[in-house]
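Enquirer: Predicted coordinates and the sequence they were generated for:
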Amino acid sequence: MSAHSGVLTALSQAPLGIAIFDRQMRYLAASSRFLTEQGLPGDVPLVGRHHYEVFPDIPQRWREIHRRALLEGLELSHDADPFERSDGRVDWIRWSLKPWRDDDGEIGGLVLYTEYVTPTVEARARLEAAEARYRAVFDQAAMGVARVAPDGRLLEVNDRFCSMLSYSRAELTDMNFQQITHPDDLNSNITLTRALLAGDIETYSLEKRYIAKGGEVIWNNLTVALVRNGAGEPDYFISIIDDIGARKQAEAEQKRYQGQLRLMINELNHRVKNTLATVQSMASQTLRGESDPDVVYEKLEARLLGLSQAHDVLTRERWHGAELRDVAERALGPFAGATTGQIHIDGPAAWLAPGAALSMALIFHELATNAVKYGALSVTQGRVELTWMLEGPALTVTWAEAGGPPVTPPTRKGFGSRLIERGLRGELRGSASTTYAPDGLICIMKAQLAERSDQLNLFESA
């Protein structure tokens, strides 16, 4: 066998698609692999035949590449070039083209190497399409999505994840989930993560708090799944977070409302009991001191009227409490109406808790009733000055009568005096001192006001 024939035999059996052409693109030799990849029998004779006659579907762009390589001596290649066959099927070909030269150094023709890579290209296209779909879902998801390494490092986060935590993507991918988890939720999060790594669970969900940039605490529902590699080892976590801040706030408001509702029910029970006790005490004391039914009726009716007027003020204020001026004007209105200009009221704004407002209304009503019967309001020239001062929570109220008949101290302490003292000691945490001066009675009352509270109560509409 000659050396030349041995080379041709080796070429024909090469595991690559190889074809050698002269300057007119006529075949000098070709490997069996080249023929079979072109859909021809491996032993079909090609030597001497023109390349474009054997394959008339070769596109013009490839013909131009052959022409340039022969003319300019260029070495050209392509990793995946599409070739559309006559039946419409597209094959992807990796090719390399190189001129060969004769003994004089002149270009004698071309050597073409080919490899069909259609399966590889199609697999890569499928992978790229899958990656594009994944990227679209990952980036455009309405919830925050992150890929997290087994050690907790944030490998990748989507835009929603960034916006929820107010960090940039670069900042988050330089952190781990432990750094953005609220300390009170970290242990439970880590415990579930370890169970997932150990294979005890396939996925988990929990409500947890994240610490956003700037320190804001945000509530999210976290769902985590583990992705394993081909060897079954943990590769990364997929973490999805959904903002539940509005729901958590609503739950907190509902809990606060229910707590206040319980308090208000208890307070209502307390108020009803106190009111009934006050009415019972009024009736008992009135009956004990009088034997005439008409007088008993008149006194009891007047005192109940004073109580109801105080209730009117509180109802108007939805039982948050009442201003002292409103209480005084409402309690003394019937007396001032009958004797216009005889009662002067003056003092700064002072807010009374509901119980204190009722007590003070009864005290004012009792003082005015006594003044109408025995004191300054029993005559047209009589006057009453109701004034008060406020220093922090300390309230001093002065009831001063003048211009009435001469005053004489009572021989015994009546129900009115006891009502004043009891009211001040109880709800108002204070005391009273009464001076029976000849020019008119003076009653100085001291009290401690409670801090104002505007909490929801049973008398507010939703």
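Expert: Yep, that arrived. Numbering: from 1, shown residues only.
Enquirer: following whatever helix or strand Thr223 lives in, which helix or strand comes up?
Expert: Per DSSP states H and E: Thr223 is located in strand 217-228. Later in the chain than strand 217-228, the nearest helix or strand by DSSP H and E is strand 234-243.
Enquirer: list the buried ones in that next one?
Expert: 234, 236-243 (16 or more other C-beta atoms under 10 Å). Any C-beta I mention is one placed from the backbone N, CA and C, and that applies to glycine too.
Enquirer: closest to Arg49 among these?
Expert: Nearest to Arg49 among the buried residues of strand 234-243: Tyr236, at 56.7 Å, using C-beta to C-beta.
Enquirer: Contact partners for the closest one?
Expert: 147-150, 155, 226-227 (C-beta atoms under 8 Å, 6 or more residues apart in numbering).
Enquirer: Now it. Nearest residue, chain neighbours left out?
Expert: Leaving aside its sequence neighbours, Tyr236 sits nearest to Arg147 (C-beta to C-beta, 6 or more residues apart in numbering; 5.0 Å).
Enquirer: right, and the helix or strand after the helix or strand hosting that neighbour?
Expert: Element membership of Arg147 [criterion: DSSP H and E] is strand 144-148. Toward the C-terminus, strand 144-148 is succeeded by strand 154-157 as the next helix or strand (DSSP H and E).
Enquirer: quick one: strands adjacent to that next one?
Expert: Take DSSP bridges as the rule and strand 154-157 pairs in its sheet with strand 144-148 (antiparallel).
Enquirer: For the partner strand, list the C-alpha coordinates in PDB.
Expert: This file holds the C-alpha atoms of strand 144-148, laid out as PDB (Å, rounded to 0.1, in the frame of the first residue of the first chain):
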ATOM      1  CA  GLY A 144     -40.400  38.400  47.400                       C
ATOM      2  CA  VAL A 145     -38.200  35.400  46.100                       C
ATOM      3  CA  ALA A 146     -34.700  34.600  47.100                       C
ATOM      4  CA  ARG A 147     -32.200  31.800  46.500                       C
ATOM      5  CA  VAL A 148     -30.400  31.100  49.800                       C
END
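Enquirer: List the beta-bridge partners for the nearest residue to Leu197 once chain neighbours are set aside.
Expert: Of all residues not flanking Leu197 in the chain, Pro234 sits nearest, at 5.6 Å (C-beta to C-beta, 6+ apart). The partner list for Pro234 in beta bridges (DSSP bridges) reads Arg228.
Enquirer: Quick check: Pro234 touching Arg228?
Expert: Yes - assessed by C-beta atoms under 8 Å, Pro234 is found in contact with Arg228 at 5.9 Å.
Enquirer: tell me, what's touching the two both at once?
Expert: Common neighbours of Pro234 and Arg228 are not found (criterion: C-beta under 8 Å, 6+ apart).
Enquirer: low-scoring pLDDT stretches of the stretch 151-300 of the chain, where are they?
Expert: Applying pLDDT under 70 to the stretch 151-300 of the chain flags the ranges 260, 263-291, 295-300.
Enquirer: mind listing what the closest residue to Ala353 other than its chain neighbours touches?
Expert: The shortest distance from Ala353 to any non-neighbouring residue, by C-beta to C-beta, 6+ apart, is to Ala450 (4.5 Å). By C-beta under 8 Å, 6+ apart, Ala450 lies in contact with 353, 356, 393.
Enquirer: The second one in helix, strand or coil?
Expert: Going by DSSP: H, G, I helix; E, B strand; the rest coil, the secondary structure assigned to Ala356 is helix.
Enquirer: What separation do you get for it and Glu329?
Expert: Distance, Ala356 to Glu329, by C-beta to C-beta, to the nearest Å: 16 Å.
Enquirer: Looking only at neighbour counts, state which of those two leads.
Expert: Ranked by neighbour count (other C-beta atoms under 10 Å), Ala356 and Glu329 place Ala356 first, with 27 against 17.
Enquirer: I figured that one was touching Gly430, is that so?
Expert: No - if you go by C-beta under 8 Å, Ala356 and Gly430 don't touch, sitting 9.6 Å apart.
Enquirer: any shared contact partners between those two?
Expert: Joint contacts of Ala356 and Gly430 (C-beta under 8 Å, 6+ apart) are Ala447.
Enquirer: Quick check: which element contains Asp294?
Expert: Assigned by DSSP H and E, Asp294 falls within helix 293-316.
Enquirer: any idea which helix or strand comes after that helix?
Expert: strand 322-323.
Enquirer: what mean pLDDT does that following strand have?
Expert: Average pLDDT, strand 322-323: 84.
Enquirer: Repeat that for stretch 88-103.
Expert: 89.
Enquirer: Alpha carbons of that stretch, as PDB, please.
Expert: Extracted in PDB, the C-alpha atoms of stretch 88-103 (Å, rounded to 0.1, in the frame of the first residue of the first chain):
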ATOM      1  CA  GLY A  88     -37.300  22.500   6.000                       C
ATOM      2  CA  ARG A  89     -35.400  20.700   8.700                       C
ATOM      3  CA  VAL A  90     -32.700  22.800  10.400                       C
ATOM      4  CA  ASP A  91     -29.400  21.300  11.500                       C
ATOM      5  CA  TRP A  92     -26.800  23.000  13.500                       C
ATOM      6  CA  ILE A  93     -23.200  22.500  12.400                       C
ATOM      7  CA  ARG A  94     -19.900  23.300  14.000                       C
ATOM      8  CA  TRP A  95     -17.400  23.800  11.200                       C
ATOM      9  CA  SER A  96     -13.800  24.900  10.600                       C
ATOM     10  CA  LEU A  97     -12.300  25.800   7.300                       C
ATOM     11  CA  LYS A  98      -8.600  26.100   6.400                       C
ATOM     12  CA  PRO A  99      -6.800  26.400   3.100                       C
ATOM     13  CA  TRP A 100      -4.100  23.900   2.200                       C
ATOM     14  CA  ARG A 101      -1.000  24.800   0.200                       C
ATOM     15  CA  ASP A 102       1.100  23.000  -2.400                       C
ATOM     16  CA  ASP A 103       4.900  22.500  -2.400                       C
END
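Enquirer: Could I get the pLDDT score of Gln448?
Expert: 86.
Enquirer: Once you drop chain neighbours, what's closest to it?
Expert: Per C-beta to C-beta, 6+ apart, closest to Gln448 is Arg429, 4.3 Å.
Enquirer: now Asp104, what's its secondary structure?
Expert: coil.
Enquirer: Kindly state the neighbouring-residue count (a burial measure) for it.
Expert: Count around Asp104 with other C-beta under 10 Å applied: 6.
Enquirer: likewise Pro348?
Expert: When neighbours are defined as other C-beta under 10 Å, Pro348 has 10 of them.
Enquirer: Find the helix or strand that Thr120 is a member of.
Expert: Per DSSP H and E: helix 118-140 holds Thr120.
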